[in-house]
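In: sequence first, then the predicted structure, then my questions.
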Amino acid sequence: MKKKALIFGITGQDGSYLAEFLLKKNYIVHGVKRRSSSINTGRLDHIYQEPHVKKRTLILHYGDITDSLSVTRLIKEIKPNEIYNLAAQSHVQVSFESPEYTANADALGALRILEAIRFNKLEKKTKFYQAGTSELFGLNEKTPQNEKTLFHPASPYGVAKLYAHWITINYRQAYNIFACNGILFNHESPRRGETFVTQKIIQALCKIKLKKQKTLYLGNLYSKRDWGHAKDFVRAMWLMLQQKKPQDFVISTENQTSVKNFVNIVAKKLKLKIKWRGKGINEKAIDETGKTIIACHTSYYRPLEVNNLLGDSRKARKQLKWKPKFNLDELISDMISSELSGYY
């Protein structure tokens with residue numbers, strides 16, 4: 001009998017890649033999408049065109065992680081073997097502007113799923129994956145960061161995810177639910193939302209190259225991140241739920257670069273010759289004609305800046321036999337290729 005997976009957040013970057021991955025593993029995949037006045041399944045639509053995918057193997061349901069009744073109903077009806085909670089308000093800057101909604105979706109959302117597993121007496125049938133984040137480490141700049149590094153979140157998003165992390169551990173210990181936390185460092189792809197800095201950089205520099213945009217505005221150029229490809233990270237999610245015992249794992253590439261260096265790599269690939277001038281908020285990049293094509297703006301700085309995230313994923317590499325297949329250069333090339341394909 002085929003395994004059944006239920007993905008909260010299936011319409012997002014990670015959800016769409018995970019759906020593809022599980023379908024190739026011969027799962028029946030159920031996904032939860034929110035009701036919207038506009039079509040929000042763009043990252044999934046192509047999957048239905050794949051020859052091995054039939055309507056009965058990819059099933060979408062209306063629901064919302066902030067609605068206890070819909071969460072409980074879906075879990076009761078589907079009785080999945082695996083649940084992946086990828087649903088969240090996942091933009092750090094937005095979490096400062098909408099902290100209550102972020103807490104409701106990101107913190108209490110995990111609790112609703114865990115409680116539904118318990119309430120429906122599925123502790124022995126259903127395994128649970130909670131999508132954590134390197135933002136849990138926040139202001140703790142001790143690097144590299146692993147499963148034993150102290151958490152110090154620096155945003156409402158990070159704080160909400162910290163609750164989700166600990167409530168997952170609590171239900172694992174109290175009710176013997178197979179529940180795992182994946183502490184995922186930054187992971188990107190062509191399906192990344194356009195408000196996230198990597199996609200923002202890719203899209204803007206491609207448009208500047210094609211003379212469709214004049215200037216890209218950024219915040220802290222010296223924030224350092226450990227960037228990987230979402231395809232690699234969803235594979236790690238699945239591997240966590242195939243273990244004999246539930247554990248928590250850091251997933252990362254173990255390589256770090258700054259926002260500024262990310263810009264430089266993209267510019268070089270696009271054959272944009274830029275030179276940096278100035279310091280701090282006045283730092284900018286000019287092109288061969290002397291025009292400013294990249295500048296900093298205060299609106300893109302966080303109230304609390306997280307400057308230094310670098311993952312130590314040795315535990316995952318040893319126990320899960322996981323390692324990334326994509327490096328940063330390949331990730332950027334994939335994102336650029338996808339972006340430019342839309343213009344030709």
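Out: Great, that's in hand. Residues are numbered from 1 along each chain as shown.
In: pretty sure Gln130 sits in a strand.
Out: Yes - counting by DSSP: H, G, I helix; E, B strand; the rest coil, Gln130 is part of a strand.
In: what is the neighbour count of it?
Out: Neighbour count of Gln130, defined by other C-beta atoms under 10 Å: 28. Bear in mind the C-beta positions are built from the backbone N, C-alpha and C, glycine included.
In: show me the beta-bridge partners of it.
Out: Asn85, Asn181 (DSSP bridges).
In: my guess is it contacts Phe178. True?
Out: No - between Gln130 and Phe178 there is no contact, the gap being 11.7 Å when judged by C-beta atoms under 8 Å.
In: where does the stretch 1-150 of the chain have low pLDDT?
Out: Scanning the stretch 1-150 of the chain for pLDDT under 70 picks out 37-39, 51-55.
In: show me what contacts the residue lying farthest from the centre of the chain?
Out: Using C-alpha atoms, centre = their mean, the residue of the chain lying farthest from its centre is Thr289. It sits 37.6 Å away. When the contact criterion is C-beta atoms under 8 Å, 6 or more residues apart in numbering, Thr289 has no partners at all.
In: that one in helix, strand or coil?
Out: Classified using three-state DSSP, Thr289 is coil.
In: ramachandran coordinates for it?
Out: Main-chain dihedrals, Thr289, degrees, to the nearest 10: phi -90, psi 0.
In: again with Ser95
Out: Dihedral pair for Ser95: phi -60, psi -30, per degrees, to the nearest 10.
In: wait, it sits on Ala160?
Out: Yes - between Ser95 and Ala160 there is a contact under C-beta under 8 Å: 7.3 Å.
In: can you list residues touching both of the two?
Out: Residues within reach of Ser95 and of Ala160 at once, by C-beta under 8 Å, 6+ apart, are Thr102.
In: show me which of these two is the more surrounded one.
Out: A direct count of neighbours by other C-beta under 10 Å for Ser95 and Ala160 places Ala160 higher, at 28 against 25.
In: surely the more buried one touches Ala107?
Out: Yes - between Ala160 and Ala107 there is a contact at 4.1 Å, judged by C-beta under 8 Å.
In: would you map the strands across the stretch 1-150 of the chain?
Out: Using DSSP state E, counting those that start in this stretch, the strands of the stretch 1-150 of the chain run over residues 4-8, 28-33, 58-62, 82-85, 127-133.
In: show the contacting residues for the nearest residue to Arg35 once chain neighbours are set aside.
Out: Spatial nearest neighbour of Arg35, chain neighbours left out: Tyr62 (5.3 Å); criterion: C-beta to C-beta, 6 or more residues apart in numbering. Taking C-beta under 8 Å, 6+ apart as the criterion, Tyr62 is in contact with Val32, Lys33, Arg34, Arg35, Ser70.
In: show me what the helix or strand where Val263 lies is packed up against.
Out: Per DSSP states H and E: Val263 is located in helix 259-269. Packing partners of helix 259-269 (3 or more C-beta pairs under 8 Å, 6 or more residues apart in numbering; DSSP states H and E): helix 197-209, helix 328-341.
In: angle of it against helix 197-209?
Out: Orientation note: helix 259-269 sits at an angle of 40 degrees relative to helix 197-209 (axes from the mean of the first three to the mean of the last three C-alpha atoms, to 10 degrees).
In: mind listing what's buried along helix 259-269?
Out: Val259, Lys260, Phe262, Val263, Asn264, Ile265, Val266, Ala267, Lys269 (16 or more other C-beta atoms under 10 Å).
In: beyond it, next helix or strand please.
Out: Next along from helix 259-269, by DSSP H and E: strand 275-277.
In: tell me where the stretch 151-300 of the chain has strands.
Out: Under DSSP E, counting those that start in this stretch, the stretch 151-300 of the chain gives strands at 178-184, 187-188, 216-218, 224-225, 228-229, 249-251, 257-258, 275-277, 284-286, 292-296.
In: do you know which of those strands lies nearest Ala154?
Out: strand 224-225 (14.0 Å; C-beta to C-beta).
In: what about the closest one, distance to the chain center?
Out: 15 Å (C-alpha atoms, centre = their mean, to the nearest Å).
In: next: stretch 189-203.
Out: 12 Å.
In: what do you get for stretch 246-262?
Out: 12 Å.
In: before we move on, back to that, touching the helix holding Val263 from outside, list them.
Out: For helix 259-269, the surrounding residues in contact (C-beta under 8 Å, 6+ apart) are 197-198, 201-202, 205, 218, 220-223, 225, 227, 257, 273-274, 276, 285, 294, 328-329, 332-333, 336.
In: try 10 Å
Out: 188, 197-198, 201-202, 204-206, 208-209, 216, 218-225, 227, 257-258, 272-274, 276, 283, 285, 287, 293-294, 328-329, 331-333, 335-337 (C-beta atoms under 10 Å, 6 or more residues apart in numbering).
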